[in-house]
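Engineer: need a structure here:
(one chain, ligands or ions: 1)
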Amino acid sequence: MSDSLRGRSGIVTGAGSGLGRATALQFASIGARVVVADVNVEAGEAVVAEIASAGGSAVFIATDVTDPAACEALVGACIDTFGTLDFAVNNAGTTGTPGSVVDYPIDAWRATMAVNLDGVFFAMRAELPSMVTAGKGAIVNVASGAGLVGFAGLPAYVASKHGVVGLTKSAALECAARGVRINCVCPGSVRTPMLEGFMGGDERMERAMTAGVPMGRLGTPSEIAEAIVWLCSDAASYMVGHALVCDGGATVQ
Ligand SMILES: NC(=O)c1ccc[n+]([C@@H]2O[C@H](COP(=O)([O-])OP(=O)(O)OC[C@H]3O[C@@H](n4cnc5c(N)ncnc54)[C@H](O)[C@@H]3O)[C@@H](O)[C@H]2O)c1
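Structural biologist: I've put the predicted structure just below:
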């Protein structure tokens, strides 16, 4: 990992838990200044306190990414606090409700799309103007293995994550010549509060999920954070529009 992120500043959405928390901690540990954004105030403030106690620099901004105005305010807060928006990780997401397409509740569909796809769109829409004006910046959207292949029983999640991959590629092409790199990561099954909630303490489900991973284990949040932070760094200076799979081999089978 290059030292290029030291002193740079940026945003991580959904940074109060799981992958977002691990990513915020990783940025701070290498000297980047982080805006921790989450709809969960207590969780977000706890991550900021954790960063501060380790000697890092972070602020918490309560943000619901389903609200375009909140995303605009988040970017403004980063620039007001740290002076620049150099990187952004659009990570906030939800698994949504399991169900089949034929009788999937309309409200559940809209709620999942609102966070996972609209939220990434609203965030990038807010983040890009200052990056394009500066002629530099890096954005990483958090998609999923479910953005590349289908999973029966999670139609809204799978559709939203395929949307994130497509949106990433489209925005990346628009911005490639303007100095702003946009990529996404596609994590496999990673042990976070979201995944623990999805598995619901069912050991058979965990065994089945692990059995589908050639490496024979779930991922850890820090393994995904490493990939995200690398994509935001100058070490990834020729990476544009890429969907980086971090899944222990699950989707190459
Ligand atoms: N854990 C996995 O196995 C896995 C696999 C692939 C992709 N992902 C993706 O990684 C991302 C993070 O997932 P995680 O496992 O860390 O989940 P998590 O539930 O542990 O953390 C998600 C965070 O997002 C926040 N959030 C939810 N809705 C929000 C909103 N509207 N505005 C702002 N913040 C909001 C939550 O409060 C929470 O702090 C998600 O996009 C998820 O789809 C996770």
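Engineer: In the helix or strand harbouring Ala225, which residues are buried?
Structural biologist: Ala225 is located in helix 221-232, with elements delineated by DSSP states H and E. By neighbour count on 16 or more other Cβ atoms under 10 Å, the buried set for helix 221-232 is 221, 223-232. In this view, the C-beta of every residue, glycine as well, is placed from N, C-alpha and C.
Engineer: Quick check on Asn141: phi, psi?
Structural biologist: The phi/psi pair for Asn141 (degrees, to the nearest 10) reads phi -100, psi 140.
Engineer: ok, it touching Lys169?
Structural biologist: No: Asn141 lies out of contact with Lys169 (Cβ atoms under 8 Å); the separation is 10.3 Å.
Engineer: between the buried residues of helix 221-232, which is nearest the ligand?
Structural biologist: Among the buried residues of helix 221-232, Pro221 lies closest to the ligand (Cβ to the nearest ligand atom), at 6.6 Å.
Engineer: Who's the closest spatial neighbour of the closest one, skipping the chain neighbours?
Structural biologist: In this structure, Pro221 finds its nearest non-sequential neighbour in Ala22, 3.5 Å apart by Cβ to Cβ, 6 or more residues apart in numbering.
Engineer: and the one you found, how many neighbours?
Structural biologist: Ala22 is flanked by 25 other residues according to other Cβ atoms under 10 Å.
Engineer: does it count as helix, strand or coil?
Structural biologist: helix (DSSP: H, G, I helix; E, B strand; the rest coil).
Engineer: about what we covered before: distance from the helix holding Ala225 to the middle of the chain?
Structural biologist: Between the centre of helix 221-232 and the centre of its host chain there is 10 Å, according to Cα atoms, centre = their mean, to the nearest Å.
Engineer: swap in stretch 93-100?
Structural biologist: Its chain's C-alpha centre and that of stretch 93-100 lie 17 Å apart, by Cα atoms, centre = their mean.
Engineer: And that stretch, end to end?
Structural biologist: End-to-end span of stretch 93-100 (Cα to Cα, to the nearest Å): 20 Å.
Engineer: same question, stretch 225-240
Structural biologist: Across stretch 225-240, the terminal residues are separated by 18 Å (Cα to Cα).
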